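1. Could you look at this predicted model? Sequence included:
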Amino acid sequence: MADRMLQFVSIEQHQPDKRVVAERKLDFDEIYRHFDVSQAETQSSRCSQCGVPFCQVHCPLQNNIPDWLKLTAEGRLQEAYEVSAATNNFPEICGRICPQDRLCEGNCVIEKGFDSVTIGAVERFITDNAWEQGWVKPIRPARERDASIGIVGAGPGGLAAAEQMRRLGYQVHVYDRYDRVGGLMIYGIPGFKLEKDIVLRRHALLAEGAINFHLGKGIGAEDSDTEIAFSTLRERHDAILLATGVYKSRALGGPGSGVGGLVKALDFLTASNRRSLGDSVPAFDSGELNAAGRNVVVIGGGDTAMDCVRTAVRQGAKSVKCLYRRDRANMPGSLREVKNAEEEGVEFVWLAAPEAFLGDDTVTGVRAVRMKLGLPDASGRQSVDPVEQSGFTLEADLVIKALGFDPEPLPTLWNQPELEVSRWGTLKVGHVSFMTSLPGVFAAGDIVRGASLVVWAIRDGRDAAAQMHQWLDARPALAVAAE
Ligand code: FAD
Ligand code: SF4
Ligand code: SF4
């Protein structure tokens, strides 16, 4: 019923409403309200059903966006769910936390002059509604296979691969050093962007589909109570996927950088997420990782920094400032999140970098210097240089370092010198095969790409699973050929 579509000329874009600031600052619940059926249908009908849909081209999963928008507009919600789930393992999560302004919605052809279709919000609605209706079912493979797969890391990359392999009937085992499933989706990303129940219900569904989870089990160099040696893992399974993410915080130097009160972003966010999940967190209770009543300065301009400032607000900080050496237009974080943070009372100190941290035992202030943007380098990014005689001091009794993450040195940690890494420490894999330098050991997600996005980890996990399946399928033929 094409006449239901193309309504963008008469129907305005309407994103889901946000909760009012005074209310949302008091808890860690998501700030966006849900579309109801009628809003989802109406907003979907704005799509012009492009012959070459740029929204789909710019979605890392190449989701069939025009198809599920049309089905939603026509009220065929179960079919919309099935089309959406065919290309995305966690559509309701991507609908919540993808930077849509840079991906699908930012490339919607009706954006210019009319505002894009609200793709993310509809995607989220379709699967949330499917859960409510009982349409989301555990995996029941058509046939079982004997081959066993070991997946290290229960983040989006590992989980997407686990689901794809289980669908094909493999015996899938997922190992994670954390006690919960989800990787950065459970302990990194705060509840106000992604409520934890959304992640936990996915875990329950995957477990119901007979994926075996081994939580609190890290992979390391030797077998112990808490760790399994990488070599043991290889003996246990026919193929391995490494999806361990990147966790080494970039360091911050300068005078006073060893003073108390300077904490790592992920420690701060993990403590907060654990508290929300009801865990006991001594470093939160002692105040070490708690912003309540403190003057907080967050250093960095990415999504992690945005999550820290907004977490500090919710913990009841006295003041929250974000120090970033470039300007608003050149920050890596999502502008939508900057706007949300500003609404919640965060002050951005653009074009400023820390020079020194003041205080004897514990930090009392950050000595900073103004920066100016210079000429673009070979990559097109403008350089930043300090402005002479521009020093100033910000009062601070908690400083959060959010400067990004690098991979841990896996070949050393796992005593696997032959596991090849790039000069950035990420695992090297075949461009198409996703296989590392070790036969039968594949890798996907941030540990291959460097710090990236959930949607890219899902894409890599799916692609790596397809390659593992192909490799496993070819094995008997290879063995026979070798005889
Ligand atoms: P991860 O999610 O990091 O999962 C890796 C898993 O491997 C973890 O569970 C870890 O415990 C486990 N592991 C690591 N080493 C071992 C070992 N030796 N043994 C056993 N287990 C191990 N992306 C977005 O798209 N939108 C956002 O809004 C967004 N916000 C973010 C906010 C923060 C604070 C951070 C840090 C990241 C954010 N990202 C966001 C990025 C996104 O979370 C990551 O790109 C994505 O989670 C990567 O998925 P992954 O599966 O590769 O790794
Ligand atoms: Fe857009 Fe992300 Fe959904 Fe793709 S997965 S359609 S980029 S929100
Ligand atoms: Fe619809 Fe926009 Fe995608 Fe075109 S680009 S198919 S209008 S959502």
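-> Here it is on my side, so go on. Ligands and ions are numbered 1, 2, ... in the order given.

2. chain center to the longest helix seen in the chain: distance?
-> Counting residues, the longest helix in the chain under DSSP state H turns out to be helix 454-482. Distance of helix 454-482 from its chain centroid, counting by CA atoms, centre = their mean, to the nearest Å, is 24 Å.

3. what's the answer for stretch 346-363, then?
-> With CA atoms, centre = their mean, you get 27 Å for stretch 346-363.

4. residue ranges of the helices in the stretch 101-250 of the chain, please?
-> Secondary structure of the stretch 101-250 of the chain by DSSP state H, counting those that start in this stretch: the helices cover 111-114, 119-133, 156-167, 184-187, 196-208, 230-236.

5. could you redo those helices as JSON lines and give each row mean pLDDT and mean neighbour count?
-> All C-beta spots, glycine's among them, are computed from the backbone N, C-alpha and C. Supplementary listing: the helices of the stretch 101-250 of the chain in JSON lines, determined by pLDDT from 0 to 100; neighbours: other CB atoms under 10 Å:
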{"stretch": "helix 111-114", "mean pLDDT": "66", "mean neighbour count": "12"}
{"stretch": "helix 119-133", "mean pLDDT": "98", "mean neighbour count": "22"}
{"stretch": "helix 156-167", "mean pLDDT": "98", "mean neighbour count": "27"}
{"stretch": "helix 184-187", "mean pLDDT": "98", "mean neighbour count": "24"}
{"stretch": "helix 196-208", "mean pLDDT": "98", "mean neighbour count": "17"}
{"stretch": "helix 230-236", "mean pLDDT": "96", "mean neighbour count": "16"}
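
6. nearest to ligand 3, of the ones you listed?
-> helix 119-133 (5.8 Å; CB to the nearest ligand atom).

7. pLDDT weak spots in the stretch 151-300 of the chain?
-> Across the stretch 151-300 of the chain, nothing is flagged by pLDDT under 70.

8. Not counting residues beside it along the chain, what's closest to the residue in it positioned nearest to ligand 2?
-> Using CB to the nearest ligand atom, the closest approach of the stretch 151-300 of the chain to ligand 2 is made by P156 at 11.1 Å. Leaving out its chain neighbours, the residue that sits closest to P156 by CB to CB, 6 or more residues apart in numbering is A457, at 4.2 Å.

9. got it, and W424?
-> G450 (6.1 Å).

10. and what of E227?
-> G220 (3.8 Å).

11. For ligand 1, what is the nearest residue in the stretch 201-350 of the chain?
-> For the stretch 201-350 of the chain, CB to the nearest ligand atom, closest residue to ligand 1: G245, 2.3 Å.

12. list the buried ones in the strand ranked longest in the chain?
-> Longest strand in the chain by number of residues (criterion: DSSP state E): strand 365-376. Across strand 365-376, burial judged by 16 or more other CB atoms under 10 Å covers 365-371, 373.

13. Using TSV, lay out those together with pLDDT and distance to P417.
-> Output for the buried residues of strand 365-376, formatted as TSV (pLDDT from 0 to 100; distance: CB to CB, whole Å):
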residue	pLDDT	distance to P417
G365	97	45
V366	97	41
R367	97	43
A368	97	42
V369	97	42
R370	97	46
M371	96	41
L373	91	42
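
14. got the domain boundaries for the protein?
-> If you go by automatic domain parsing, the domain ranges for the chain are 2-133, 148-246+407-473, 252-404.

15. Which one, of those, ends up nearest to ligand 3?
-> domain 2-133 (3.3 Å).

16. Show me how far the closest one is from its chain's centre.
-> Mean C-alpha position of domain 2-133 versus that of the full chain (CA atoms, centre = their mean) differs by 19 Å.

17. That domain vs ligand 2: in contact?
-> Yes: using CB under 6 Å from any ligand atom, domain 2-133 reaches ligand 2 at 59, 61, 63, 65, 88, 94-95, 98, 100, 103-104, 119-120, 123.

18. just checking, R180 touches Y187?
-> Yes: using CB atoms under 8 Å, R180 makes contact with Y187 at a distance of 7.4 Å.

19. quick one: which of the helices of the stretch 101-250 of the chain is nearest H14?
-> Closest to H14 of the helices of the stretch 101-250 of the chain is helix 119-133 (CB to CB; 9.0 Å).

20. which residues are contacting the closest one?
-> Contacts to helix 119-133, defined as CB atoms under 8 Å, 6 or more residues apart in numbering, come from residues 15-16, 32, 34-35, 37, 40, 43-44, 55, 63, 65, 68-69, 72, 77-78, 80-81, 84-85, 88, 91-92, 94-96, 98, 100, 104-105, 108, 136, 201.

21. Show me which residues of the protein sit near ligand 2.
-> Residues of the chain lying close to ligand 2 (CB under 6 Å from any ligand atom) are 59, 61, 63, 65, 88, 94-95, 98, 100, 103-104, 119-120, 123, 455.

22. In the stretch 1-150 of the chain, where is pLDDT below threshold?
-> Counting by pLDDT under 70, the stretch 1-150 of the chain shows low-confidence ranges at 1-3, 111-114.

23. at 80 what do you get?
-> 1-10, 111-114 (pLDDT under 80).

24. Show me which residues of the chain are close to ligand 3?
-> 47-50, 53-55, 65-66, 108-110, 117, 119.

25. Could you check how far R423 is from L61?
-> Distance, R423 to L61, by CB to CB, to the nearest Å: 29 Å.
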